[in-house]
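**Student:** Sharing a sequence plus its predicted fold:
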Amino acid sequence: MAVTTVLANAVASGTTLYTITGGSATIQAALNDGSDGTYVQKANTVLGGADLIMDFGTLTLTSAQRVKQVRVRARCSTPNDSGKINVYLGALITRKNYFYTGLAIRGAYTSATTFTGPYYTAAPDGSDWTQTNVNNIRVKVEEYKDTTDRGKIYELYVDVDIAAQPSVGTVSAPVSTVSTTTPDITWTYVDATDGSTQEYVEIKVFSSAQYNAAGWSVSTSTPTWTSGAIAQTDLNSVVGTLLVPATYRCFVRVAKDINGSAFWSDWTYSEFNVSYSTQAVPTMVVAWSATLAKASFTNQGTSLGAAFTSQYHQIQRSDDSGVTWDYIRDGERITLNASNQSVIADYEAPRGITAYYRCRAVAVDSNSIEYPSGWSVTQQVLITNDNTWWFKCIEDPTLNKGSIRVLKELDVQVDEPNTVFRPLGATKPIIVAGPLQGEDGAYNIKTVTETEWDAVYPLIVHQGKLLVQDPYGNQKWIRITDRKWTAESQSDNVYRDITLTYVEIAE
């Protein structure tokens, strides 16, 4: 605990209600001279309660400090058992006085006695003890007794408990060169002032290519991996992603809790190299099929190295020119065939964009430790839009069907489960609602031949999620909730009008 005491330095109001005894020139001088020979007292001509409000001196907080709590202390005496003085801690905030419940001094204290109020972790209006609020601290004294019953106020003090910013002493690991893909991280926590313990930590790992890039910032740039800000007392962690061979910096910052808010340290880092042997980067051949509305991949890997027991491939797609990446469906662990190839397809790329793809190999040793290769050269694929409706069953791509004749998308609505109560005597109804749901609606589809009907039937009766891509570049995931159709014979063909009622679902 680092407490700074500030003293009264001006009278805000009540000057004429109180007198000075002991020779001090001003009320504030009498209340901060540290002497019991000087004091202030309600004037004997004033009857009933009298308020004296004092302003206090200021202190300067640095960027490495935060106010933890504030309290008032008063040194007073009362002549007999009927003594009655209240002392309030407060502040002038947005031109208004706010005060906490008073420190009540009751009974006989015939000699000067110091009374201590409780610590308050927030200003009296509920806001934080900011630099401004601390600069505007006020103390109010209320004396209720008259004539010879009057108490004496010798000193007023305000104690400001200031918390110092914690720090990371060192990031002791990882350092030098490590041969693991997920190295351990260890650090030390330092708080020389409060002796507190770590309550939060945040870790970020950047590659040399990232932290040497123009405009890089540890606070705002995207890292290779981050833990996020988490509540944790342990001084160790593990990198939560597979690091490829490169030079990295591991940044750590820690925090303690100050009145329900994390007080963060500055960032401290260690630099380290990741070095290991693994499989070669696979070559990726990707081709877009407009007729099947899919991107097909053949990834050619190399024979398994002697140090490993197995390997698999990974493929990621970016829909924003390589800014962000995510694994394609089933692309996080692709099995290789006997020729060290992996084969997979991506049916879900949004149409009308240029998709970016990349792949890598991951080798696994006898201890189940995984060693990824670097990523392959990024390949760009134009995902064409044939301007037809596609309904895709990702669970069974053989059911995928394009060129579906959607006459129109029927009215779409957004259902929100709610109940309306109209209490007797109330002027407004009360609505109790659940969370906003996705779009609900229906599609009106037409088939004009038995061949079309036979192709679309297995898809529309599928009891699972479907991906619908319209001719306008939009797509959404749905679950069909109701299927209806009518059939009509015309010119030796059976025409069917199909209505599919659906609810939109998460991917």
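**Tutor:** Good, I have the coordinates.
**Student:** Residues in a beta bridge with A91, which ones?
**Tutor:** Beta-bridge partners for A91, by DSSP bridges, are Y98, I137.
**Student:** Please name the residues that touch it.
**Tutor:** For A91, the contacting residues are 97-98, 123-125, 133, 136-138, by Cβ atoms under 8 Å, 6 or more residues apart in numbering. Every residue, glycine included, has its C-beta placed from N, CA and C.
**Student:** List buried residues within these.
**Tutor:** 97-98, 123-124, 133, 136-138 (16 or more other Cβ atoms under 10 Å).
**Student:** In three-state terms, label A213 for me.
**Tutor:** coil (DSSP: H, G, I helix; E, B strand; the rest coil).
**Student:** pLDDT at the residue nearest to it when sequence neighbours are not counted, what is it?
**Tutor:** Closest residue to A213 apart from its sequence neighbours, by Cβ to Cβ, 6 or more residues apart in numbering: S221 at 7.6 Å. S221 is assigned 96 on the pLDDT scale.
**Student:** what about S221, distance to G215?
**Tutor:** Going from S221 to G215 by Cβ to Cβ, to the nearest Å gives 8 Å.
**Student:** For those two, indicate the residue with more neighbours.
**Tutor:** Legend: neighbour count by other Cβ atoms under 10 Å for S221 and G215, higher for S221 (13 against 6).
**Student:** ok, now which ones touch the more buried one?
**Tutor:** Listed by Cβ under 8 Å, 6+ apart, the contact partners of S221 are 206, 210-211, 213, 215.
**Student:** any idea which of the residues you listed has the most stuff around it?
**Tutor:** F206 (23 neighbours).
**Student:** Hmm, W225 and that one touching each other?
**Tutor:** No. At 9.0 Å, F206 and W225 do not qualify as touching, with contact defined as Cβ atoms under 8 Å.
**Student:** burial measure for the residue nearest to T60 when sequence neighbours are not counted, as a count.
**Tutor:** Spatial nearest neighbour of T60, excluding adjacent residues (Cβ to Cβ, 6+ apart): Q131 at 7.6 Å. Counted with other Cβ under 10 Å, residues neighbouring Q131 total 15.
**Student:** same check, this time on R422
**Tutor:** 8.
**Student:** One more: T5?
**Tutor:** Neighbour count of T5, defined by other Cβ under 10 Å: 13.
**Student:** Quick check: phi and psi at A287.
**Tutor:** When quoted as degrees, to the nearest 10, the phi and psi of A287 stand at phi -140, psi 140.
**Student:** For beta bridges, what are the partners of the nearest residue to it once chain neighbours are set aside?
**Tutor:** Nearest non-adjacent residue to A287, counting by Cβ to Cβ, 6+ apart: S296, 5.4 Å away. Note on S296: beta-bridge partners by DSSP bridges are A287, A345.
**Student:** swap in A442?
**Tutor:** Taking DSSP bridges as the rule, A442 bridges to T501.
**Student:** How about Q41?
**Tutor:** Here Q41, judged by DSSP bridges, has bridge partners T19.
**Student:** okay, now it: neighbour count?
**Tutor:** 16.
**Student:** do the one 10 residues further on as well
**Tutor:** D51 is surrounded by 16 other residues when neighbours are defined as other Cβ under 10 Å.
**Student:** How about L89?
**Tutor:** The local packing of L89 (other Cβ under 10 Å) involves 28 other residues.
**Student:** Touching, it and F99? I think so.
**Tutor:** Yes. L89 is in contact with F99 according to Cβ under 8 Å; the separation is 6.9 Å.
**Student:** So for the two, which residues contact both of them?
**Tutor:** With Cβ under 8 Å, 6+ apart as the test, L89 and F99 both reach P124.
**Student:** Look at stretch 297-315 and report the distance between its end residues.
**Tutor:** End-to-end distance for stretch 297-315: 9 Å, by Cα to Cα, to the nearest Å.
**Student:** Now for the nearest residue to G102 once chain neighbours are set aside: which residues touch it?
**Tutor:** Spatial nearest neighbour of G102, chain neighbours left out: N86 (3.6 Å); criterion: Cβ to Cβ, 6+ apart. With contact set as Cβ under 8 Å, 6+ apart, N86 has these partners: 102-105, 140-142, 144.
**Student:** Write the PyMOL selection for whichever of those residues are buried.
**Tutor:** Paste this into PyMOL to select the buried members of the contacts of N86, with burial taken from 16+ other Cβ under 10 Å:
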select buried, resi 102+103+105+140+141+142+144
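**Student:** which one of the contacts of N86 is nearest S265?
**Tutor:** L103 (35.9 Å; Cβ to Cβ).
**Student:** so that closest one touches R75, yeah?
**Tutor:** No. Assessed by Cβ under 8 Å, L103 is found out of contact with R75, at 11.8 Å.
**Student:** Give me the common contacts of these two.
**Tutor:** F115.
**Student:** hmm, back to that, tell me the pLDDT at the residue nearest to G102?
**Tutor:** For N86, the model assigns a pLDDT of 96.
**Student:** how close does it get to E143?
**Tutor:** Taking Cβ to Cβ, one finds N86 at 8 Å from E143.
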